[in-house]
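>>> Make a model of this:
(one chain, ligands or ions: 1)
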Amino acid sequence: MNITLIQAPIATGTTQKGMALAPERYLQAGADQSLASRGHSVETSVVARTTEDDLEAVVEVNTGLAAEVRKATEAGRFPMVLGGACNVCLGALAGLSPRTLGIVWFDAHGDFNTPDTTPSGYFDGMPLAIAAGRGHQNLRTRITEGDPVPEERVLLSGVRDLDRGERDSLESSEVRVVSTDSFKQHGMERSLLPALRQLATFVDEVYLHLDMDVLDPEVAPGVNFPTPGGMMLDDLQRAIEMIGEHFRIAAASVTAYDPTRDEGDRTLLTGLSLLDTVAKAAGKSSSAIRVIS
Ligand SMILES: [Mn+2]
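Residues are numbered from 1 along each chain as shown. Below you'll find the predicted structure:
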């Protein structure tokens, strides 16, 4: 497959700046060569952050990212975004609009706070809500003319740490949530499959978002908010394959890796292997006839 690896080095918040170093670290470690060695044709691009102000930088980087995603898509290339924090979803989705697509989002957290519910004020606890039309819409509309993604087209998976107000918002929303509790009770495949099938009644194309903290800190310690009880790598890889079996994957982002918090490059290596998994699933989903079983 033809892939454009787009580096989006953005992080918000005072102690989370390390996430902005992730894209460069992935490239240093040979992310592009690793994909090329599996038969993909890989191009790389970088979106620059020039402003100090976090919210202005969110607009700046995501506007640039949207242009890169659009360019890649128009050239028949698969946009693979290396975050950066989870707000890169805004630029990725903006580059894909006005498509009819859903979101499959893997995260230990909901990222569904709004300025009204957030206990911390942390911007990167809000991007999924923003993408779905809740909170900071003036900021979203500076990045895109497209509509928010309707909540019934959003699947949030691997969640195990929600703030109270965020939990209430999710419960009263149309967002489909598959928690790690459900994985433990029923197994990952048996939990995720019904949710994917439901989503497939609304969309045949998705944006795939992988926050590295969805994984257990055992395999991905290099994140800002490590949360025990996460997914193991093989389960997440299988989940990504399943998504490729049910949907065309329009673009993907791998976010929230903080190289300054890694232990022995464990998170880096996990991230690199996920890029391969995503590329394979996306390649399959774009070429094969999908069977919704
Ligand atoms: Mn996140």
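
>>> tally of neighbours for the residue in the stretch 151-293 of the chain that the ion sits nearest to?
Using C-beta to the ion, the single residue of the stretch 151-293 of the chain nearest to the ion is D211, 3.6 Å away. Just so you know, the C-beta spots here come from the backbone N, C-alpha and C atoms, and that holds for glycine as well. For D211, the count of nearby residues is 28 (other C-beta atoms under 10 Å).

>>> my read: it touches D107, true?
Yes: under the criterion of C-beta atoms under 8 Å, D211 lies in contact with D107, with a separation of 4.0 Å.

>>> any common contacting residues for these two?
Residues touching both D211 and D107 (C-beta atoms under 8 Å, 6 or more residues apart in numbering) are C86.

>>> So which residues on the stretch 101-250 of the chain come close to the ion?
107, 111, 211 (C-beta under 5 Å from the ion).

>>> Tell me what the last one is bridged to.
Applying DSSP bridges to D211 gives these bridge partners: T255.

>>> if I pick A31, what's in contact with it?
5, 82, 272, 275 are the contacts of A31 under C-beta under 8 Å, 6+ apart.

>>> I'd like the residues you listed as JSON lines, with secondary structure and pLDDT appended.
Supplementary listing: the contacts of A31 in JSON lines, determined by DSSP: H, G, I helix; E, B strand; the rest coil; pLDDT from 0 to 100:
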{"residue": "L5", "secondary structure": "strand", "pLDDT": "98"}
{"residue": "L82", "secondary structure": "strand", "pLDDT": "98"}
{"residue": "L272", "secondary structure": "helix", "pLDDT": "98"}
{"residue": "L275", "secondary structure": "helix", "pLDDT": "98"}
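
>>> What is the nearest of the residues you listed to V178?
L275 (23.0 Å; C-beta to C-beta).

>>> quick one, what contacts the closest one?
5, 26, 31, 34-35, 80, 254.

>>> burial count for the residue of the stretch 51-200 of the chain found nearest the ion?
As assessed by C-beta to the ion, the ion sits closest to C86 within the stretch 51-200 of the chain, at 3.7 Å. Around C86 there are 29 other residues, counting by other C-beta under 10 Å.

>>> Would you check that it makes contact with F225?
No: checked against C-beta under 8 Å, the pair C86 and F225 is beyond contact range at 11.0 Å.

>>> Taking the contacts of L275, please make a ChimeraX selection of just the buried ones.
Burial among the contacts of L275 is assessed by 16 or more other C-beta atoms under 10 Å; the matching ChimeraX selection reads:
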select :5,26,31,34,35,80,254
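
>>> Same list (the contacts of L275) but as JSON lines, adding distance to S173.
Formatted as JSON lines, those follow (distance: C-beta to C-beta, whole Å):
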{"residue": "L5", "distance to S173": "33"}
{"residue": "Y26", "distance to S173": "33"}
{"residue": "A31", "distance to S173": "35"}
{"residue": "S34", "distance to S173": "38"}
{"residue": "L35", "distance to S173": "35"}
{"residue": "M80", "distance to S173": "28"}
{"residue": "V254", "distance to S173": "25"}
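
>>> circling back to that earlier point, ok, the residue of the stretch 151-293 of the chain closest to the ion to R49 distance?
Here D211 is placed at a distance of 20 Å from R49 (C-beta to C-beta, to the nearest Å).

>>> Break down the stretch 51-200 of the chain into its helices, ranges please.
Taking DSSP state H, counting those that start in this stretch as the criterion, the stretch 51-200 of the chain carries its helices at 54-74, 88-96, 127-131, 137-143, 164-171, 180-186, 188-199.

>>> closest to G39 among the contacts of A31?
Closest to G39, out of all of the contacts of A31 and judged by C-beta to C-beta, is L275, at 13.7 Å.
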